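Student: Any chance you can model this:
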Amino acid sequence: MMNNQLMEVPAPAISARRQARRDLVAALPWLLPALTLIVTIVLFPAGYLVWTSTRDVSPVGVDRGSAGFDNYVTLFDSPALGRVLLNTAIWVVGVVVVTLLVSMALAQFLDKAFPGRRLVRLAVIVPWAASVVMTSTVFYYGLDPFYGVMNQFLVDLGILDTGFGFTRQPVPAFLVAMGVAVFVSLPFTTYTILAGLQMVPREVLEAAAVDGAGSVRTYWSVIFPVLRPAIAVAVLINIINVFNSLPILRTLTGSIPGYDADTTTTLIFKYIQQDRQVETASALSVVNFVIVLAVIGIYLRIVRPMRDE
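Tutor: Predicted coordinates for the structure are as follows:
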């Protein structure tokens, strides 16, 4: 008797479940276009990529059957993979951290009232509006050791005795690429943080000043907690964009032989274009995807940007 009573589901609960199912069915026609895009543009290509990574594909693209996990074994046996993974970590962490620090300072500056602020704000957008390939190409030719204007400017200042091949050697070219990546990432990050600054109540800042709080204490105790969601969004988008960035590195380091200036993203295209190893490139793409998900998951777990909400 008691067991039967415990197993009985209240009528309101059954009615709520039925209503939820009706609402879902009613919403499906409106959700169908978005679901179709997700399946055709995201899920199907991702599934096909995973499937390709387990196939034996010839250099001309002929599927010769299943390869199991042999492509992953080939990938992890590659002597270049360790250096490339290290380059990728340096690339992502370096660009994202420097971009965030510079953007926070720049956003604080642009939040102040000063003559010409509107023009300065518009100027910050220029690297974002310009093509990334075009920006990278400007730096590539500007740093040419023989006719680059940037190289000649450094020589005229006495910093260099003669033109230096910044984009001809792996380490200098990689550092230049990181600088360009920071340059093109600043507008989005700066404006995201600047939007967060607009959410800081002015009366709270005035109250902090009345209580005698200094600028540093006010920033970390009042402003920064409000900025945390904006910073979290900016960092997440930058991690994804920088990790998957191809045009900057392809333009500035693509002509350098070997893998000393490569990240996992550029290595994927070298596997395809130079080595004709589509299956190995697919395996590396899957590894790339898993790494990005892991990094984002760890970041959200540690930072927990919405814990104060």
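Student: all contacts plus neighbour counts: C-alpha atoms, from now on.
Tutor: OK.
Student: Quick check: buried residues in the host helix or strand of Pro172?
Tutor: Using DSSP states H and E, Pro172 falls within helix 170-197. Burial within helix 170-197, assessed by neighbour count using 16 or more other C-alpha atoms under 10 Å, is assigned to 170, 172-194, 196-197.
Student: same deal with stretch 38-48?
Tutor: Along stretch 38-48, these residues count as buried under the neighbour rule (16+ other C-alpha under 10 Å): Ala46.
Student: Now do the same for it: mean pLDDT, whole number.
Tutor: Rounded to a whole number, the mean pLDDT of stretch 38-48 is 85.
Student: Now do that stretch: distance to the chain's middle.
Tutor: Relative to the centre of its chain, stretch 38-48 is centred 20 Å away, using C-alpha atoms, centre = their mean, to the nearest Å.
Student: related to what we said a few turns ago, now do the helix holding Pro172: which elements does it pack against?
Tutor: If you count contacts as 3 or more C-alpha pairs under 8 Å, 6 or more residues apart in numbering; DSSP states H and E, helix 170-197 packs onto helix 81-110, helix 117-129, helix 132-142, helix 224-243, helix 247-253.
Student: Tell me which residues touch Leu249, please.
Tutor: When contacts are counted by C-alpha atoms under 8 Å, 6 or more residues apart in numbering, Leu249 touches Phe174, Ala177, Asp262, Thr266.
Student: tell me the domain boundaries of this structure?
Tutor: Dividing the chain into domains by automatic domain parsing, as the record does, gives the ranges 2-52, 80-303.
Student: Let me know which of those is tucked in deepest.
Tutor: Of the domains of the chain, the one with the most neighbours on average (mean count of other C-alpha atoms under 10 Å) is domain 80-303, at a mean of 17.
Student: Over to that domain now: how far is its first residue from its last?
Tutor: Domain 80-303 has its terminal residues 33 Å apart, counting by C-alpha to C-alpha, to the nearest Å.
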